[in-house]
Structure formats: C-alpha cells, structure tokens
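Asks: I would like to see how this sequence folds:
(3 chains)
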Amino acid sequence: MKITRKEFLEISGACLVTLSGKKVLAVLDSPEDEKSTPSSARKDRKQLGMIVDTRKCAKKQGCTKCIEACNRAHNIPLFQESDHQIKWIWEEPFGDIFSSYETQYLEASLKEESTPVLCNHCDNPPCVRVCPTGATWKREEDGIVMMDWHRCIGCRYCMAACPYGARSFNWVDPRSHIERLNPDFPTRTRGVVEKCTFCAELLPKGQVPACVEACPERALVFGDLNDPKSEIRQMLAKDYTLRRRAELGTGPNVYYLV
Amino acid sequence: MFMFEKAMVGSRRYWIWVGALLAVIAIAFGSYFHQLSYGLGITGMSRDVSWGLYIGQFTFMVGVAASAVMVVLPYYLHNHKEFGRMTILGEFLAVASVTMCMLFILVDMGKPMRVFNVFLYPQFHSVMFWDMVSLSGYLILNITITLVTLHAEQQDVHPPRWINPVILLSIPWAISIHTVTAFLYCGIPGRTLWRTAVLAPRFLASAFASGPALLILLCLLIRELTSYDVGKKAINSLAVIMTYAMVINVFLLLMELFTAFYSQIPELTEHFKSMYLGTVSPNSLLPWGQLSVFLMIASLIPLLVSTMRRNETILAFTCAMVFSALCIDKGVCLIVCGFMPSPLGTMTRYVPTLPEASITLGVWAVGALMVTVFYKIALSVEIARQASYVPAYEFTATTSATGLQQHASGDQSA
Amino acid sequence: MRDRLWIIAGLLLFLGFVTYPMWQDLVAGTSSRPPQLVLPTNEKQCVAPVTYMRTSHMKLLLDWRESVVREDNHKYVAFNGKVYDMSLTGTCLRCHDRQQFCVRCHDYAGVRNPYCWDCHLDPAQVKRSAQ
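Replies: Purely as a prediction, here's the structure:
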C-alpha cells in the first residue's frame, strides 16, 4: 500500500465528513418529541422535587434538625477537619448560594442567613453525563439522581462536574467517624462518592425524605413536579422561586422560595 | 521478552541509575499500599479540591505522549529525513508516557480494583470512557510500531508493509488523545477556568512544546553518554517546532487572559486572579503559577533568537525551562486552580502531602525506567547497525521516504 | 542414572511441601470437623431451596442488589410463592446470625469474606456495640 500525503489527507477528510454526517442524520431522523421534551416532562413519569421555603426556615434560628435527621438516617460521618467532610444536606450562607442576587446594601444578617442546600436532582445532570461506569444515573420513573456505591470506581469526575458541590468523596474509612450507627442503612466504604438520594430507601415505604419529615416549620416541601395537582406545583404556580445556577442548563429540581 | 537481554548488560553507571529508579519505585509502592489501606485521605486533596497532583500530572503526560507525533508526522508524511534517527526515540517516549498516564489514573482512583467497570458498563456519554479507549489504543499502536520497526532494523530488512497504515493511523490518534483529554475538562458546565473552546488547542500547543523539549534533552543526554547522535539538524528542526508550539501556547494563554480581564466577568477572572495574582484570597499554589508564567515568557527569548536556539548549551537550558514551566502550568495549576474557588465560593488550600509526592515521583520513576530500558535496547540495535556499515535500503513508508538510507550514508561520513 | 536418589528425594520434598496444609490439618484434627453453623430457629424455609442457597447464595445476593439498587424493585417472589423484601440486613440477617453462620462457613471453606460488610451493618452487632 502506497499512499501519498495528498491521498492520506483526502481519505481522512472524507472519513471525518462521513462520520459527522451520520450524526447529523441521526439527529434529523429522531422523532420530534424526543428532541424537544426533556424526559422529566413526559406525563407518565414523576419528577420528584423540593421547595425550600427560606422565610419559614429563617423563623427558627440555629435549627439544624433537617441536617441531623439526614445524617442519622444515612450514617453520615462527622469529621472535624473540613477537608474530608461528607454532606448530603447542609447549610450555606444565602449570599454564597445566590451570589448574583446579593447587593452591597443588603443587611449582613440576610447575606449570612444559613439556607439548606442539597443535590438538585437535575433534569440534565452533568454528574450522570460524565460518570464512566453508570454508578450514578437518573432514574426514569421518578427523576431521582441515584448512586450505586457497588459500582463507583472513585474517579471523582462527578465531583468536578457537579456545579453545586453536592457530592462528597470518602477520603478515609467513614465508619469510625459515625456517632450512632443506623442498622437500617449501609455505611459507605472508603473510595466511593456519595450524595443525597431524596431518601430513595424511604419512598417505597410511603414515607417522605428524612429532612422533610424532621423540619418543625414545614419549610421543606417535597413532591412530584409532573403532577399539576401536587402541593409543590400549587406553590410554584403562585410565587417566584429561585433555582441555583439554572443558567447552566442543568435543570435543577430544588426551588428556593424567598 | 523481545530483545530484553540487551537491557541486561550495561556499565556500572547504567546499573546505579536503574537501581536508583527501582529504589524510588519501591518507596512509592510503600506509599501506595498505605494509600490503598487508609484511603486517598493521605493526599492533600479534599472535598473542594477533589483532583490534585495525580490528575494534573496525568494531563501533562498525555501531552508528552501525544507529542511523539511532532517527529513522526514530519518524518512519515513530509519525508523530513533528519528525524529518521529520532522517530524511534519519540515513539518509545510515547509508550512510556502513556503508561505513566494510566498509572496516574490508577493511583487517583478510590476503588482501583473496580477499574474494569469502565469496560464492563461502558458509558458512551462519558468522556472518561473515550479517554480510556483513546489512551489504550494509542499505547497499543505505539508498542506495535516500535516493536515492528526495531525488529526490522535489527534484522536489517524492510519493516512489513502493513505497518505503514498503522503508523499513519497513529498520527491523528495522537492528536485525539490530547483533544479527548481536554474534553474531560472543557465539557463541564460549572468550572469556568476549563470551560473554554481554546482548552484543547492550548493543550495541544503546550504538548507540542513540552514533549519536544524533553526529547531534545534526552537526545543531548544520549549523545553525551553513548556514541549515538541524532544529528544537529534534527535537534534544530525539533527546536523550531518547539518554538512555534510555545509561541502559540503563550498566545492562547493571552487570549484567555484578554477574554477574562477585558470582559471583567467575575466568573472568568476569579480563577486567573487566584492562579497568578493571589488577589482573591491566599492560594498555596500562587508562587508556582507565577513561576510557570515567568518561565514561559522567559523561554521565548532564547527560543525566538535563532543564534541562541542553535547554541546547544543554551538550548538545553531553554528546554528545561519550557518543560518545567508547562509541567507546573498543566501538571498542577491548571487542574487544581479549576477548583479554586469552589462552586460555593470557598478557597480551599491544596498542598500535596509527602506520600502523594512520593507516589507521583514513583510513577515518574517507572516512566524513566521504561525510557532507560527502551532506549538501551533501541540504541544497542542502532549502534550495532552503525558499526557493521550495512548497505542502505530504501524505506517505503509513504512517498518512498528514504530516511534510513540517509543515516547509513551519514554514518559513514561521521 | 546416578542422580536417581537426588531426583526422588527432591520429588518427595516437593510433595511434602505441596501437601503440607493437609498434614497440618490432620495433626490438628481440624479438617474433618465441619463448621458448627447456628441455624435459624424462627423460620423453617429459606428464600430458596437449601441446595440452591448452598451453591448460589452469592448469585442471589448480586441479583437482589441489582434489582433493588438499579431497578428500584424491592419484592422477591420465592419459589414457593412467598414474597420477601430483598434486603441483606433486613431479610437474611433477620434469621441468620452473621458471625455464627456466614463468617463461620466462609472461614472454614477458606473463602474470603466478601466486602458486603464494609458497608452493610449487622443489626445484632450494632445493638451489641451500642450497649
């Protein structure tokens, strides 16, 4: 086989054009509804979501009941040093969560107001897109972004990809750092990534997530966003709400009522 | 193993060097076993800075691996005969650096025993899957090419004809490995330091500067230590390639800086501020970021002044500058500072720990050992050929490239 | 042929080495003693026939794992029509004692205990350590 430089360039060019052409055709061919409707908007499927009512939440200063309930339910270890912390639901100053809404005239107490943050169970989750093993995926039936700790290889690509910092890695063995073990839920092993799963283990039993259950002010509202009659949809229809970094196209499903 | 016996004979100096590398590898093994049993908590990485030295060095070494194309392409596609004696060195360097890349990925994994999950449950939407595919493909291509061509040279026959399309395939493949590696980063929505279309071009430019810099240094070293000389012309040509690549790399960096600082979008500027100015908040990597920029700019002077570039002593220093500048820039700062600040605006300190540094050094030692052994084998074949004054043959790689004929005649005159 | 003695001696030595664990077990009297497994008292029938559980309990557990974690399917219909909740700690350990049953047999068979217990908790053990 003797190829001239010119022929080589021609052949490789032709190959590239064919390959990209196939892609274009595939997109043009696909049925209309698949392109335009996100999976969550299809009627037969649920999309679980949450509203954080920050006004109700602010009523009880220093309350961390939702966080404690989650930590207890999921055997979340406590680390003194911040480097190795595991967080499923935790609090951040409101000004850091929605920095673009901050103004210089805002009272410091409002800027610093702690607000719960958690996994947004996005419509289009970047963590799922990047995971090389399918250890994290979006459940079709209810839109939960799930984790399979048996399959995770600990590459931490999902942590780089998540624009919300919602994922934690087990840098060391967590078990010895858990205050009180809950035998109904596994601990994790060192070397895997974890995050909030909207209490996927409680939902089949007809329960709501532990944080929602624990909130004394009922500031966390949980429900199906695809069901127009659900409480969460009624609330979203009546008020302006914020979503964290929605401009990134991730479609977060945790709403903040301010 | 293939011609391995040639690596088993050597001078005292050779064995001291091999022994030293093995010692470094042994220490790294010790640290790695500690990491396996304790967890990645022994590194300086954290919840906010979740990738560190390992992934940085991985990214940098992908570039060194890809840069073999800078000798292969001129030689096989443009019949650039001067590179005839350098291609095999470049290809062996690629084999060693791809191996290093894979080791860096492996040591970074939380659950390395589950690595085959990537192939058991392939996710075609994950860039990391494609990165694994392209890296392993590139490794197989380069091992095949080096073994076949070296074997042919030892037997003093033409390499089999089927190797030509393999060599041609390795050229776009080399570009692909670094492009896909850039896609790992630039396809992530939330990290603004990486989310730029020039990331892949910049990766390629810095790769085509750092790889040749290393290759020139290795060629100069080989000439000092053995009777094998790749030739002044080859080194000069490669230095010109390195110059272009470095200029393009600095140009692309300036493009990034202009876009960020003229638009003044905080999202864009904050990473560069923390990387080079340290004005956002204290950054443990600040001196390194500044050093890399200083070395990059400073290296442009001896690169662009041709009289300086042709002086081999100055060239050696310049190569060291280019290599270390880019090793710091891509191998540490660009990756780590992507996490500073974090999505919630926190600046978390990252300082590699001693075990982390030891494991990194160990991976480098594995690479150095591979290069040593490969070069030892290749050079004993080449030097034996030189000594026997075999008649030249025509090497029908592409347009009847006669690279090797050139050497044979060149050797006689030398 | 003069090396015959050496060859035979070497072979014997090799055989001795290879069969060493057997001799050791014989002397210690451990090999003929099967593990004393503590069987459940609250249930008569496991989720599958004993013969199947003996050979394939790991396959069953992995199937359960895939089903629960990845398909959100929690109910297992057993061979006799009984429905079980697919849960290692909730169903298996409700009857079986991990130490007296799982670990004992694994130790006897020389099968490394799987990493299930790196994460999944043994409720009995948790209760013991809490007291």
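
Asks: got the contact list for the spatially most central residue of chain C?
Replies: Taking CA atoms, centre = their mean as the criterion, C:H106 is the residue nearest the geometric centre of chain C, at 3.6 Å. Residues near C:H106 by CB atoms under 8 Å, 6 or more residues apart in numbering or on different chains: C:112-113. Quick note: C-beta positions are derived from backbone N, CA and C, even for glycine.

Asks: List the buried residues of the helix or strand where it lies.
Replies: For C:H106, the host element (DSSP states H and E) is helix C:104-109. By 16 or more other CB atoms under 10 Å in any protein chain shown, the buried positions in helix C:104-109 come out as C:R104.

Asks: Is any residue of whichever helix or strand comes after that helix near chain A?
Replies: Next helix or strand after helix C:104-109 toward the C-terminus (DSSP H and E): helix C:116-119. Yes. Applying CB under 8 Å from any CB of the partner chain, one finds helix C:116-119 touching chain A at C:118-119.

Asks: Run through who's touching helix C:116-119.
Replies: So helix C:116-119 is in contact with A:149, A:186-189, C:61, C:88, C:98, going by CB under 8 Å, 6+ apart.

Asks: Reformat these as JSON lines; add pLDDT.
Replies: Below are these laid out as JSON lines (pLDDT from 0 to 100):
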{"residue": "A:W149", "pLDDT": "96"}
{"residue": "A:P186", "pLDDT": "95"}
{"residue": "A:T187", "pLDDT": "96"}
{"residue": "A:R188", "pLDDT": "95"}
{"residue": "A:T189", "pLDDT": "95"}
{"residue": "C:L61", "pLDDT": "95"}
{"residue": "C:L88", "pLDDT": "92"}
{"residue": "C:R98", "pLDDT": "89"}
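
Asks: filter these to the buried ones?
Replies: Among those, the ones that count as buried by 16+ other CB under 10 Å are A:149, A:186-189, C:88, C:98.

Asks: quick one: which of those is nearest to B:E270?
Replies: A:R188 (32.5 Å; CB to CB).

Asks: Can you tell me the SS state at that closest one?
Replies: With DSSP: H, G, I helix; E, B strand; the rest coil as the basis, A:R188 sits in coil.

Asks: re the thing from before, among the buried ones among the contacts of helix C:116-119, name the ones that also lie close to chain B.
Replies: Contacts with chain B within the buried ones among the contacts of helix C:116-119, as defined by CB under 8 Å from any CB: none are present.

Asks: where exactly do the helices run in the stretch 151-258 of chain A?
Replies: Under the criterion DSSP state H, counting those that start in this stretch, helices of the stretch 151-258 of chain A are mapped to A:157-161, A:210-214, A:231-238.

Asks: what's the last one packed up against?
Replies: Which is helix A:231-238. In terms of contacts (3 or more CB pairs under 8 Å, 6 or more residues apart in numbering or on different chains; DSSP states H and E), helix A:231-238 is packed against strand A:48-53, strand A:220-224.

Asks: Quick check, the residue in the stretch 51-200 of chain B closest to chain C?
Replies: B:M113 (9.6 Å; CB to the nearest CB).

Asks: Run through the strands of chain C in chain order.
Replies: C:75-77, C:83-85 (DSSP state E).

Asks: between these, which one is nearest to A:I97?
Replies: The nearest among these, by CB to CB, is strand C:83-85 at 38.5 Å.

Asks: near chain B, which residues of chain C?
Replies: So chain C never meets chain B (CB under 8 Å from any CB).

Asks: Any regions of chain C where pLDDT drops low?
Replies: For chain C, applying pLDDT under 70 flags the ranges C:1, C:29-32.

Asks: quick one: the helices in it?
Replies: Here chain C has its helices, by DSSP state H, at C:4-18, C:20-28, C:50-65, C:71, C:93-95, C:104-109, C:116-119, C:123-130.

Asks: Not counting the third one itself, show me its contacts.
Replies: Around helix C:50-65, the neighbours that count as contacts under CB under 8 Å, 6+ apart are A:150, C:46-48, C:76, C:86-88, C:92, C:114, C:116.

Asks: Now stretch C:61-80: buried residues?
Replies: Buried-residue list, stretch C:61-80, by 16+ other CB under 10 Å: C:64-65, C:68-69, C:72, C:74, C:76.

Asks: The residue in chain A positioned nearest to chain B: how many residues sit nearby?
Replies: The minimum distance from chain A to chain B, using CB to the nearest CB, falls at A:G154 (1.9 Å). Counted with other CB atoms under 10 Å in any protein chain shown, residues neighbouring A:G154 total 23.

Asks: pretty sure it is in contact with B:K111, am I right?
Replies: Yes. Between A:G154 and B:K111 there is a contact under CB atoms under 8 Å: 4.5 Å.

Asks: Mind listing the shared neighbours of the two?
Replies: A:191-192.

Asks: okay, now the residue nearest to C:D97 when sequence neighbours are not counted: neighbour count?
Replies: If the residues on either side of it in the chain are set aside, C:D97 comes closest to C:V38, at 5.6 Å by CB to CB, 6 or more residues apart in numbering or on different chains. For C:V38, the neighbour count with other CB under 10 Å is 12.

Asks: Ok, the one 10 residues further on next?
Replies: Here the neighbour count serves as a burial measure; for C:A48 (other CB under 10 Å) it reads 16.

Asks: which parts of the stretch 151-300 of chain B sit against chain A?
Replies: Residues of the stretch 151-300 of chain B lying near chain A (CB under 8 Å from any CB): B:161, B:164-165, B:168, B:172, B:184-185, B:187-191.

Asks: Of these, which pair is most distant in space?
Replies: B:R161 and B:G190 (50.0 Å).
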